[in-house]
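**Student:** The following comprises the amino acid sequence and a computationally predicted model.
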2 protein chains.
Amino acid sequence: MMEHPENSEEYKGLTVNAGIEQPSIVNPYLKLRKKPRRKEYSVAEFVEGIVKGNVTVLSQAVTMVESLKPEHQAIAQEVIEKCLPYSGNSMRIGISGVPGAGKSTSIDVFGLHVLEKGGKLAVLAIDPSSERTKGSILGDKTRMEKLSVHPKAFIRPSPSAGSLGGVARKTRETIILCEAAGFDKIFVETVGVGQSETAVHSMVDFFLLIQLAGTGDELQGIKRGIMEMADGIVINKADGNNIEKAKLAASHFRNALHLFPTPDSGWTPKVFTYSGFYGLGIKEIWDMIDEYMAFVKKNGYFDYRRNEQAKYWMYETINEHLRDSFYNNPTIETMLAAKEQAVLNGSQTSFVAAKHLLDTYFQLLK
Amino acid sequence: MMEHPENSEEYKGLTVNAGIEQPSIVNPYLKLRKKPRRKEYSVAEFVEGIVKGNVTVLSQAVTMVESLKPEHQAIAQEVIEKCLPYSGNSMRIGISGVPGAGKSTSIDVFGLHVLEKGGKLAVLAIDPSSERTKGSILGDKTRMEKLSVHPKAFIRPSPSAGSLGGVARKTRETIILCEAAGFDKIFVETVGVGQSETAVHSMVDFFLLIQLAGTGDELQGIKRGIMEMADGIVINKADGNNIEKAKLAASHFRNALHLFPTPDSGWTPKVFTYSGFYGLGIKEIWDMIDEYMAFVKKNGYFDYRRNEQAKYWMYETINEHLRDSFYNNPTIETMLAAKEQAVLNGSQTSFVAAKHLLDTYFQLLK
């Protein structure tokens, strides 16, 4: 039996950062054997290529965004800055759902449906590496069978390394590059099992939550606050024997949504059933998103939310750096364990322990 | 017509920090005319008085905790530190509900019910001043008619000034002092309209959410994530014509709770109806809390949660100070408005703007 490519040395060489993600019209396994010589672009070449819609250049630029090397980061920031004026003209849609909800299949049919109307679609992902294996990244992409060979689609998995905050920032910056390259629909996918939904919600215009019908127990895969973030909830696998169960689940979700206050958008979240596998109910979902976009553009919430998001990311970046600077300080790291222990055994209050640590930190910065 | 005491100069002199909150067996309006000469206690006298259960000393110590003066804070921290070994032996119960849900009346009857079994009860509150007027603080206290004259009860409203973080920290420290003074039941009250629930949740063992029955619209007064924090939800005003509506609301909440995963405690939140005004269903609520306490003490979650809370407050204090130090820096304050504008008009990415601000800040600290 041949070794599975995911376990081979050669596979490990192909990271998400390899920069040859697009076009992926070749068999993904064949790609593994190629070691492409990468062209080094200048900032001007990057920007020109992106604005012309060249996906090879776009893909390389995203690799710069994802790179941990400071020289790559410097190039990336300049490219993003120059692409900013060309960005913003897209529908940004977050898509979340627990593993097994059929996200990839759904994105495949959703994507084909919108591409039939014209335009270009980019599918990005936010998932810190700890939450999924490299195998499943490859798996996801091959599961988007039709989109992955579609000339108007650009699929880019989540960077394979980094904190959620870092990955989220990179995805947000990748959105800017994709928009500058003419992609007018952006899907940002995430697994519905963690904090990543908040990050996705803070960079999209519409947040779609995919759920499964099932027994009461199976419905429980929703985490804190995720339901309240949803602008639409869709129940997948409403086909065959499952239709009644799906309808019942939909009605449960509608009742539950009534318990929450109307979101700031003024939009009442809708609940639909559909079947990704059989392609049923897809049109209704996209009509809802269109209706939402018209609604929030008219009442001003669309611009308001985009502005709030831009500010949010500035403050989020600041707060993350402030925390990193403190907690990654070697002296603080050493003290922290002892202080935590003092707090736990009741010899010091949380506040006094915090004050000692802070005094030490600010002394060290001088 | 006489001027209402709340509007008079004399009233303004009685702030929450006046330190004469207990015992309140006198007519609260009479108290307003007294200008007590406050005894200045030493740290040792504070600790001795508190441990002996002297509520006058306790009340004075809480005033030190709430004071903004550094010399008072220094005393307060020493007193708290010395009281720590005597603290921890209480049931800490958070009680939240929207304005109008009947919190004060409910706390009055809940409190009397538990005091009948012995022990001592402290009722504290977390509400940043912006969320309520001084009038309503006085109002709340007088609405707790029976508790406010009960010799085993200590009622302390929220400090009248400060950020939510600051107020929450002070409430948490007041819990320690109350426990050292022998109060074995602590209620922490909050209005269900903001972030204060998260703060309360992070300092109590059991979180009780008071709701009202009514039309679908009236049920909407729940904010993000609050329902998921509740260990129990109780529907007030289940009396007279309202009983059926209350039962229906309870069943809606039970259904909605099924959509969420089981909390870390392993405890499935319960939903009851009751009438605070007529004192109906009170026993059932307290039996639930007793049952919960036995459950989480047996499975280890009680200690786990208390430890997590102690750590949470250390980290929360650190993070709050780090942010304050940055955002209250005068140079940063000036730059921030310009950077926000640059981000909003699209001339700079959120990340680059953040980086400029951070570089400036760390340079200034040197």
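**Tutor:** Perfect, thanks for sending it. Residues are numbered from 1 along each chain as shown, chains lettered A, B, ... in the order given.
**Student:** How about stretch A:253-267 and chain B, touching?
**Tutor:** Yes: counting by CB under 8 Å from any CB of the partner chain, chain B has neighbours in stretch A:253-267: A:253, A:255-256, A:258-262. C-betas here are computed from N, CA, C, even on glycine.
**Student:** Give the buried residues for that stretch.
**Tutor:** Under the neighbour-count criterion of 16 or more other CB atoms under 10 Å in any protein chain shown, stretch A:253-267 has A:253, A:256-257, A:259-260, A:263, A:265, A:267 buried.
**Student:** Could you dump the residues of stretch A:253-267 next to chain B into CSV with secondary structure, pLDDT and distance to residue A:64 added?
**Tutor:** As requested, those are exported to CSV (DSSP: H, G, I helix; E, B strand; the rest coil; pLDDT from 0 to 100; distance: CB to CB, whole Å):
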residue, secondary structure, pLDDT, distance to residue A:64
A:253, helix, 85, 41
A:255, helix, 81, 48
A:256, helix, 79, 43
A:258, helix, 77, 47
A:259, coil, 74, 46
A:260, coil, 74, 41
A:261, coil, 74, 42
A:262, coil, 80, 42
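**Student:** Which of the helices and strands in chain A ranks last by mean pLDDT?
**Tutor:** Counting by mean pLDDT, DSSP states H and E, chain A has its least confident helix or strand at helix A:9-13, which shows a mean of 33.
**Student:** Okay, helices next: where are they in the stretch 101-250 of chain A?
**Tutor:** A:103-116, A:134-143, A:164-180, A:196-201, A:226-229, A:243-258 (DSSP state H, counting those that start in this stretch).
**Student:** Comparing those, which yields the minimum mean pLDDT?
**Tutor:** The weakest mean pLDDT among the helices of the stretch 101-250 of chain A belongs to helix A:134-143, with a mean of 52.
**Student:** Skip the chain neighbours and tell me the closest residue to residue A:166.
**Tutor:** Excluding the flanking residues, the one nearest residue A:166 by CB to CB, 6 or more residues apart in numbering or on different chains is residue A:159, at 7.9 Å.
**Student:** go on, residue A:331?
**Tutor:** residue A:364 (6.0 Å).
**Student:** bridging residues for residue A:121?
**Tutor:** Residues in a beta bridge with residue A:121, per DSSP bridges, are residue A:153, residue A:185.
**Student:** can you count the residues close to it?
**Tutor:** Neighbours of residue A:121 under the rule other CB atoms under 10 Å in any protein chain shown: 25.
**Student:** Same check on the one 4 residues further on?
**Tutor:** The tally of other residues near residue A:125 (other CB under 10 Å) stands at 27.
**Student:** Spell out which residues make up each domain of chain A.
**Tutor:** According to automatic domain parsing, chain A comprises the domains A:39-86, A:87-314, A:329-365.
**Student:** worst average pLDDT in those?
**Tutor:** When I compare these, domain A:87-314 is least confident, with a mean of 85.
**Student:** Quick one: end-to-end distance for that one.
**Tutor:** Distance between the two ends of domain A:87-314: 17 Å, counting by CA to CA, to the nearest Å.
**Student:** what do you get for stretch A:96-106?
**Tutor:** Using CA to CA, the distance between the terminal residues of stretch A:96-106 is 11 Å.
**Student:** mind listing the strands for the stretch 201-350 of chain A?
**Tutor:** For the stretch 201-350 of chain A, the strands defined by DSSP state E, counting those that start in this stretch cover A:206-212, A:232-236, A:270-273.
**Student:** strands paired with the last one, and their directions?
**Tutor:** Meaning strand A:270-273. Here strand A:270-273 is paired, per DSSP bridges, with strand A:232-236 (parallel).
**Student:** who's in contact with the strand it pairs with?
**Tutor:** When contacts are defined by CB atoms under 8 Å, 6 or more residues apart in numbering or on different chains, strand A:232-236 is touched by residues A:97, A:101-102, A:106, A:206-213, A:227, A:246, A:249-250, A:253, A:257, A:269-276, A:281, A:285, A:288-289, A:292.
**Student:** what do you get if the cut-off is 6 Å, keeping everything else the same?
**Tutor:** Strand A:232-236 has contacts (CB atoms under 6 Å, 6 or more residues apart in numbering or on different chains) with A:101-102, A:208-213, A:246, A:249-250, A:253, A:269-274, A:276, A:285, A:288.
**Student:** List the buried residues in it.
**Tutor:** A:232-236.
**Student:** Surely residue A:339 is in contact with residue A:353?
**Tutor:** Yes: counting by CB atoms under 6 Å, residue A:339 does reach residue A:353; the two are 4.3 Å apart.
**Student:** Determine the longest helix present in chain A.
**Tutor:** Secondary structure of chain A per DSSP state H: the longest helix is helix A:301-327.
**Student:** For it, list every residue counted as buried.
**Tutor:** Residues A:301-302, A:305, A:309-311, A:313-323, A:325-327 are the ones in helix A:301-327 that count as buried (16+ other CB under 10 Å).
**Student:** Could you tell me the end-to-end distance of stretch A:263-276?
**Tutor:** Stretch A:263-276 has an end-to-end distance of 28 Å (criterion: CA to CA).
**Student:** Okay, and the closest residue in space to residue A:352 that isn't next to it in sequence sits in which element?
**Tutor:** Spatially, and ignoring its direct neighbours in sequence, residue A:352 is nearest to residue B:77 (5.9 Å; CB to CB, 6+ apart). Secondary-structure assignment from DSSP states H and E places residue B:77 in helix B:70-83.
**Student:** In a strand, the residue nearest to residue A:331, correct?
**Tutor:** No: checked against DSSP: H, G, I helix; E, B strand; the rest coil, residue A:364 lies outside a strand; its state is helix.
**Student:** neighbours around it, how many?
**Tutor:** Residue A:364, neighbours per other CB under 10 Å, totals 12.
**Student:** can you check residue A:74 too?
**Tutor:** Other residues close to residue A:74 by other CB under 10 Å number 12.
**Student:** That one and chain B, how far apart?
**Tutor:** Distance from residue A:74 to chain B, counting by CB to the nearest CB, to the nearest Å: 11 Å.
**Student:** give the contact list for that residue.
**Tutor:** Applying CB under 6 Å, 6+ apart to residue A:74 gives no contacts.
**Student:** circling back: kindly reformat the domains of chain A as TSV and extend each row with distance to residue B:82.
**Tutor:** Listed next are the domains of chain A as TSV, based on distance: least, CB to CB, whole Å:
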stretch	distance to residue B:82
domain A:39-86	49
domain A:87-314	38
domain A:329-365	11
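**Student:** wait, which of those domains is closest to residue B:346?
**Tutor:** Checking those against residue B:346 by CB to CB gives domain A:39-86 as the closest, at 5.3 Å.
**Student:** Next to chain B, which bits of chain A? Give me the list.
**Tutor:** Residues of chain A that fall close to chain B, judged by CB under 6 Å from any CB of the partner chain: A:77, A:80, A:84, A:216, A:219-220, A:224-225, A:228, A:256, A:258-259, A:261, A:307, A:310, A:313-314, A:317-318, A:321-322, A:326, A:343-344, A:346, A:349-354, A:358, A:365.
**Student:** returning to that earlier point: compare residue A:339 and residue A:353 and say which one has the larger neighbour count.
**Tutor:** residue A:353 (26 against 21).
**Student:** would you say the more buried one is within a strand?
**Tutor:** No: read with three-state DSSP, residue A:353 is helix and lies in no strand.
**Student:** wait, it sits on residue A:343?
**Tutor:** Yes: between residue A:353 and residue A:343 there is a contact at 5.1 Å, judged by CB under 6 Å.
**Student:** which residues are common contacts for those two?
**Tutor:** With CB under 6 Å, 6+ apart, residue A:353 and residue A:343 have common neighbours residue B:314.
**Student:** Spell out the secondary structure type for residue A:95.
**Tutor:** Secondary structure state of residue A:95, per three-state DSSP, is strand.
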